[in-house]
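1. Provided below are the primary sequence and the corresponding predicted coordinates.
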Amino acid sequence: MKLIESFSVDHTRIVPGIFTSRVDHVGEYCLTTYDVRMKRPNKEPVIDVGAMHTLEHLIATYLRNDPEWKDEVIYWGPMGCLTGLYLILKGNRAPREIYGLLLEAYRSVEKAQEVPGATAENCGHYLMHNLEMAKWYAREFVAYLEANADNSAIFEYPKTERLVTEDGQRFFDS
C-alpha cells in the first residue's frame, strides 16, 4: 500500500505549530487540512483526553460562530495520537494566514464558563470533559505561538527523506 502523506512527516523533528497537512480538490472545491500540533510527538506527554474533548467542543463552537470564517470551516477535531487537532477549511491558505484565527480561537478557551454541547443529548461522551485542563493547554499553546510567531519551523513540516530507487521503489526505516 502507498504510504499516506501525513506519515511522511518526520515526527522526530516536528514542533508544535500550524502546518498544511494536505490539500484536496473535491469537485469545484479546494479543501485544506491543517495540522494544529500542540505537543511534540513522542517527546511530550499527550493532551489529556477530557481536555482534548473540551478543546474540540470549545474551538469548534468558536470557529463555526466566527463571522469571517464560519462559512469556510469544514471540520475541527482531535488527532488520534492526542498531540493536536485537525482543521479543514475551504480554500488553500498558507498556515501563517490562519495564525490569527487560531490564536484567537485558543484565547477564547480561557473565557469559557461551560462546555457547549456537553449534555447526554448533544455529546457522545458528555462526562468526558475537563474545562480547567483545556484552559491550561490553551494558555500554554497561545504563549508558545506568540513566542514563536517569527519562527518558520512552526509553519513548515519537517519531511522525512526516503530512498527511492531508479524504478520508483521506496525504502522506509524499519
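-> That came through fine. Quick caveat, the model's predicted, so the values are computed rather than measured.
2. tell me the SS of the residue positioned nearest the centre of the chain?
-> The structure's the chain has its C-alpha centroid closest to Val36; by CA atoms, centre = their mean the separation is 2.4 Å. Recorded secondary structure, Val36: strand (DSSP: H, G, I helix; E, B strand; the rest coil).
3. the host helix or strand of Leu101 packs against which elements?
-> Per DSSP states H and E: Leu101 is located in helix 95-111. The contact analysis (3 or more CB pairs under 8 Å, 6 or more residues apart in numbering; DSSP states H and E) places helix 95-111 against strand 17-26, strand 29-37, helix 49-63, strand 84-90, helix 131-147. Yep, even glycine has a C-beta here, placed from its N, CA and C like the rest.
4. of all these, which one is nearest Ser108?
-> helix 49-63 (4.8 Å; CB to CB).
5. quick one: residues in contact with the closest one.
-> Outside helix 49-63, the residues within contact range by CB atoms under 8 Å, 6 or more residues apart in numbering are 47, 69-70, 73, 76-78, 82, 85, 87, 101, 104-106, 108-109, 112, 115-118, 123, 125, 128-131, 133-134, 136-138.
6. residues contacting the residue nearest to the centre of the chain?
-> Counted by CB under 8 Å, 6+ apart, Val36 has contacts 18, 84-87, 102.
7. hmm, which two among those residues are most spread apart?
-> Tyr86 and Leu102 (12.0 Å).
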